[in-house]
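# I would like to see how this sequence folds:
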Amino acid sequence: MPGQQSADQSGDVADKVEDNLNDSYDKENLIEIQDFNISVDSEKETYFVGETDSYNLTFTPENTSYKSLLISSSDSTIVNIDQSEEKLHFLAPGEVTVTAISERNPNLIKSLKFNVQN
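Just a heads-up that it's a prediction; the model follows:
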C-alpha cells in the first residue's frame, strides 16, 4: 500500500538521522550543568515603568554543555523578557517574579523578584 510504504520510508529516514546524530555526538565530552545564577546589572529590586535592565547568566561549571534555560515572567504585562538581548523591560506597576529553569535539569531553578512603580 502506498501509505504504508511512505510511513516505512519516513521511519527509515528518521532512524538514519538518529544514528548519524548519535555517531557525531561526543557523549563522553559532555559536561553536565551543576548550577547557574541569574542576576541583573543594577542589582536593585525596585524599578520604574519604562526602565530596562540587562540580566546576566553564569553557569557552573563555566564550560557546561547545557546552557539552555527557560526564562519567564510571572506577569508579562509588568515585565517583558527579551531573551535574545538578555534584557528585562519594566512595563507597568506591580510585583513580579522572573524565573529561570534549566532545560537539562528542571530541578535547577532561580528566581528574581521585582517591584515596579510609576
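# can you tell me which residues contact the residue nearest the centre of the chain?
In the chain, the centroid-proximal residue (Cα atoms, centre = their mean) is residue 69; its distance is 2.1 Å. Contacts for residue 69 (Cβ atoms under 8 Å, 6 or more residues apart in numbering) come out as 36, 57, 100-103. To be clear about C-beta, it is placed using only N, CA and C from the backbone, and glycine gets the same treatment.
# weed out the non-buried ones from these.
36, 100-102 (16 or more other Cβ atoms under 10 Å).
# only the C-alpha atoms, please, for stretch 65-79, written as PDB.
The C-alpha trace of stretch 65-79 is given here as PDB (Å, rounded to 0.1, in the frame of the first residue of the first chain):
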ATOM      1  CA  SER A  65      27.400  21.700  27.600                       C
ATOM      2  CA  TYR A  66      23.900  22.600  28.700                       C
ATOM      3  CA  LYS A  67      23.200  26.400  28.800                       C
ATOM      4  CA  SER A  68      19.600  26.300  27.700                       C
ATOM      5  CA  LEU A  69      17.300  28.000  30.100                       C
ATOM      6  CA  LEU A  70      13.600  28.700  30.100                       C
ATOM      7  CA  ILE A  71      13.100  32.300  31.400                       C
ATOM      8  CA  SER A  72       9.700  33.500  32.200                       C
ATOM      9  CA  SER A  73       7.900  36.400  34.000                       C
ATOM     10  CA  SER A  74       5.000  35.700  36.400                       C
ATOM     11  CA  ASP A  75       3.200  38.600  34.700                       C
ATOM     12  CA  SER A  76       4.400  39.700  31.200                       C
ATOM     13  CA  THR A  77       2.300  42.800  31.400                       C
ATOM     14  CA  ILE A  78       4.600  44.100  34.200                       C
ATOM     15  CA  VAL A  79       8.000  42.700  33.000                       C
END
